[in-house]
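**Q** Task: produce atomic coordinates for the following.
(chains A and B)
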Amino acid sequence: DIDDVGHKYYLELVLEDVLDKDSTVNCTAEVLYHLGNKNIAPDVQFTIEGELKNADEADNIFYNRIKSLEKELVAENIPDSHGNVSPEMEPIRLLAWVASGYVIWQNSTENTKFQLAQIKHVKQVKRIDEYLEFDYVILLHEMVSQEIIPWQMTVLWHPQHGVQVTRDSRQPKHASE
Amino acid sequence: HQVLRIKTRNEEEVKKLQLLESLEHLELDFWINPSTPALPVDVRIPANSIQAVKAFLESQGIEYSILIEDVQVVLDKEKEDMACSLQRDRSSNSFNYGTYHSLDSIYAELDHLASEYSNIVSKLQIGESYEKRPLYVLKFSTGGRNRPAIWIDAGIHAREWVTQASAMWIAKKIASDYGKDPSITSLLNKMDIFLLTVSNPDGYVFTHTTNRMWRKTRSKNQGSLCVGVDPNRNWDAGFGGPGASNNPCSDSYHGPSANSEVEVKAVVDFIKKHGNIWAFLTLHSYSQLLMYPYGYKCTKPADYAELDALGRAAASSIRSLYGTTFTVGSICTTIYQASGGSIDWSYDYGIKYSFAFELRDTGRYGFLLPANQIIPTAEETWLGLKKIMEHVRDNSY
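**A** Numbering: from 1, shown residues only, chains lettered A, B, ... in the order given. Sure, this is the predicted structure:
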């Protein structure tokens, strides 16, 4: 408890490589949830002890594959109802996962717990520069209220320049759904 | 109707086909549209237009071949094949436990199990859903009259597909292991097991037909366009308290009153009427948790020590198979305060061994757990359930 400021949490965590369960890295973090104003994202400071695995090769393969597509990529329901993700869509899913982390961070409070539930729709947006751009509509599962929240996010990515979410907005849900 | 495959040699021929495409009165259905000479053009032609189209192609010197002579024949055969395989599934019991099924398929398999293992399995109907679907419970019993019994339910929340799927596997496991596995054999020699594999059939069907993320029942709410009540906020335990919403549009809407949902009432009535239920175990997903009461208040239940120890033993059994870790604790301290939950009701009603499981995973796939994880999930969950049931068996007299 920090008077007049908010609540600070000190965390020790272990990061595990999604693609290689045996590859782990220790991490410490400090998270500050601000008092009152629910529109400010929590402050996060972190230190990673060691290095994250290099993913250059896989990144470049994915990058080149998308760059060489004749028509812009379009897909929906990833994973599908049965949890299936085709090998071609796996990097698209991982990219959404990373980008959704940003959206989740920006919208988290001490009373929320968000998970990416599904990519409803993804559309590649043509660009003249070297970046890849994807327009996603994702479903976020908020575990405290149990609500499923549709969210639009525009994601920029380049192997050397990383991930950016340039635009995002909560979408309305239909009463009939 | 015929399907032709047309081979274009150059851009000019492609343009001619695009002209053909524009003639709406021909009612042509292009399966591959004319776009580039590199790709063939596949088109379904209704009977009336076949002559005209072929005449056109021949006069223009455009090459074609017949891909499908008669579309109706193909359709009839497909229908026949599907009916045949359905028939085969029905007679030879080729229900694949490692995949997700429709409600109809699950209900057919319940009948199968009851008939294949008729010496210990019977199917009971305990009520009907809001949309009038039957609520079926499998009873596993070796006889006696109203023996002490274990209650297990799955799928109260429609989107948690791994729970209905696991319950089916568990049904098969109990039935086929009796007489072979010493633990289950001794258990069923003393006690009965009641298994409700699909607690919320209306919701389950809705996740197949319309919205994979549906959670609630499908009851209409007066004065609102929004449908459904969260069946796990509808029980008579701290009803309407914190952790449930009074907004019908919310996914945790508690409903107008406790037991307003027929699906919940049916279970309550059954349990009360039976009068000798010793354990109430309910399956949810996801998060990998094993929880005991309370959810509606954050105070410890009277049997806290025993329930916590038993929960830890069960989680240990679960972990022994594939290393899957479950966190153990009361609902309130483990996830959040939530009123109107089923195990709070069962515990306060007098059923000491009340546990709620949250199965795989922890969020990577969440509700959309890949089918190849169904059986491993069911196997490890079964070990946890067994641990609890063995304790009940050894402590029920």
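**Q** What is the burial count for the residue of chain A found nearest chain B?
**A** Closest contact between chain A and chain B, by Cβ to the nearest Cβ, is at residue A:83 (3.4 Å). Quick note: C-beta positions are derived from backbone N, CA and C, even for glycine. When neighbours are counted by other Cβ atoms under 10 Å in any protein chain shown, residue A:83 registers 20.
**Q** Confirm it sits in a strand?
**A** No - using DSSP: H, G, I helix; E, B strand; the rest coil, the assignment for residue A:83 is coil, not a strand.
**Q** Chain A contacts on the stretch 251-397 of chain B?
**A** Within the stretch 251-397 of chain B, the positions near chain A by Cβ under 8 Å from any Cβ of the partner chain are B:251-252, B:287, B:335-336, B:363-371, B:373.
**Q** Only the buried members of these: can you turn that into a ChimeraX selection?
**A** Buried members of these, defined by 16 or more other Cβ atoms under 10 Å in any protein chain shown, are picked up in ChimeraX with:
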select /B:251,252,287,335,336,365,366,367,368,369,370,371,373
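**Q** follow-up on the earlier one: return the per-residue confidence for the residue of chain A closest to chain B.
**A** pLDDT for residue A:83: 96.
**Q** Can you mark which positions in stretch B:42-51 are buried?
**A** Of all the residues in stretch B:42-51, those buried under the rule 16+ other Cβ under 10 Å are B:42, B:43, B:44, B:45, B:49.
**Q** just to revisit the earlier point, quick one: contacts for the residue of chain A closest to chain B?
**A** In this structure, residue A:83 makes contact with B:365, B:368, B:369, B:370, B:371, B:373, judged by Cβ atoms under 8 Å, 6 or more residues apart in numbering or on different chains.
**Q** rewinding a little: give me the subset of the buried residues of stretch B:42-51 lying in strands.
**A** Counting by DSSP state E, those place B:42, B:43, B:44, B:45 in strands.
**Q** which residues touch the second one?
**A** Put plainly, it is residue B:43. Residues near residue B:43 by Cβ under 8 Å, 6+ apart: B:3, B:4, B:6, B:28, B:29, B:30, B:31, B:32, B:53.
**Q** Check the spacing between the fifth one and chain A real quick.
**A** Yep, that's residue B:29 we're talking about. Residue B:29 sits 22 Å away from chain A, going by Cβ to the nearest Cβ, to the nearest Å.
**Q** Excluding sequence neighbours, find me the nearest residue to that residue.
**A** With sequence-adjacent residues excluded and distances taken as Cβ to Cβ, 6 or more residues apart in numbering or on different chains, residue B:29 is closest to residue B:44, at 4.1 Å.
**Q** And for residue B:201?
**A** residue B:133 (4.2 Å).
**Q** so the one you found sits right up against residue B:104, yeah?
**A** No - Residue B:133 lies out of contact with residue B:104 (Cβ atoms under 8 Å); the separation is 10.3 Å.
**Q** before we move on, back to that, identify, from the contacts of residue A:83, the entry nearest to chain A.
**A** Nearest to chain A among those, with distances taken as Cβ to the nearest Cβ, is residue B:370, at 3.4 Å.
**Q** And residue B:95, how close does it get to residue B:297?
**A** With distances taken as Cβ to Cβ, to the nearest Å, residue B:95 is found 42 Å from residue B:297.
**Q** Residue ranges of each domain in the chain, please.
**A** The chain I'm using is chain A. Domain assignment for chain A by the TED database gives A:1-53, A:55-176.
**Q** I was thinking of chain B, sorry if that wasn't clear
**A** Split by the TED database, chain B gives B:2-69, B:80-216+B:231-394.
**Q** possible to save the ones you listed as JSON lines with mean pLDDT and distance to residue A:123?
**A** Output for the domains of chain B, formatted as JSON lines (pLDDT from 0 to 100; distance: least, Cβ to Cβ, whole Å):
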{"stretch": "domain B:2-69", "mean pLDDT": "88", "distance to residue A:123": "21"}
{"stretch": "domain B:80-216+B:231-394", "mean pLDDT": "96", "distance to residue A:123": "20"}
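**Q** Just name the most buried of these.
**A** domain B:80-216+B:231-394 (a mean of 20; mean count of other Cβ atoms under 10 Å in any protein chain shown).
**Q** End to end on that one, go ahead and measure it.
**A** Taking Cα to Cα, to the nearest Å, the first and last residues of domain B:80-216+B:231-394 lie 53 Å apart.
**Q** How about the contacts made by residue B:235?
**A** B:258, B:259, B:264, B:268, B:340, B:341, B:342, B:344, B:345.
**Q** Skip ahead from the host helix or strand of the fourth one and say which helix or strand is next.
**A** When secondary structure is defined by DSSP states H and E, residue B:268 falls within helix B:262-274. Taking DSSP H and E as the definition, the helix or strand that follows helix B:262-274 towards the C-terminus is strand B:277-285.
**Q** that older thread, right, and out of the ones in strands among the buried residues of stretch B:42-51, which lies closest to residue B:206?
**A** Distance to residue B:206 across these (Cβ to Cβ) is lowest for residue B:44, with 33.7 Å.
**Q** Settle this for me: that closest one is touching residue B:5, isn't it.
**A** No - checked against Cβ under 8 Å, the pair residue B:44 and residue B:5 is beyond contact range at 11.1 Å.
**Q** ok, for residue 169, nearest residue in space, not its chain neighbours?
**A** Since you didn't name a chain, this refers to chain A. residue A:152 (5.2 Å).
**Q** hmm, I had chain B in mind actually
**A** residue B:378 (3.7 Å).
**Q** Contact partners for the residue nearest to residue B:201?
**A** By Cβ under 8 Å, 6+ apart, the neighbours of residue B:133 are B:103, B:201, B:202, B:205.
**Q** Can you flag which of the residues you listed belong to helices?
**A** B:103, B:201, B:202, B:205 (DSSP state H).
**Q** For burial, what's the neighbour tally of the nearest residue to the third one once chain neighbours are set aside?
**A** What that stands for is residue B:202. Taking Cβ to Cβ, 6+ apart, and ignoring the residues beside it in sequence, residue B:202 has residue B:218 as its nearest neighbour in space, at 4.0 Å. If you count neighbours by other Cβ under 10 Å, residue B:218 ends up with 22.
**Q** Go ahead and report the secondary structure state at residue B:218.
**A** Going by three-state DSSP: residue B:218 is coil.
**Q** What separation do you get for it and chain A?
**A** From residue B:218 to chain A the distance is 12 Å (Cβ to the nearest Cβ).
**Q** Quick check: that residue vs residue B:258, distance?
**A** Counting by Cβ to Cβ, the gap between residue B:218 and residue B:258 amounts to 19 Å.
**Q** Check residue B:131 too.
**A** Here the criterion is Cβ to Cβ. By it, residue B:131 lies 21 Å from residue B:258.
**Q** and the strand ranked longest in chain A, is it in reach of chain B?
**A** For chain A, the longest strand by residue count, based on DSSP E, is strand A:20-34. No - in terms of Cβ under 8 Å from any Cβ, no part of strand A:20-34 sits within range of chain B; the closest distance is 10.0 Å.
**Q** and for that strand, what are the contacting residues?
**A** Contacts of strand A:20-34 (Cβ under 8 Å, 6+ apart): A:2, A:5-17, A:40, A:42-53, A:109-110.
**Q** Now it: buried residues?
**A** So, applying 16+ other Cβ under 10 Å, buried residues of strand A:20-34: A:31, A:32, A:33, A:34.
**Q** Okay, now the sheet partners of that strand, with direction.
**A** Using DSSP bridges, strand A:20-34 pairs in its sheet with strand A:6-17 (antiparallel), strand A:43-49 (antiparallel).
**Q** So for it, mean pLDDT?
**A** Here the average pLDDT along strand A:20-34 is 92.
**Q** Provide a list of residues in contact with residue A:156.
**A** Neighbour list for residue A:156: A:131, A:132, A:133, A:163, A:164, A:165, A:166 [criterion: Cβ under 8 Å, 6+ apart].
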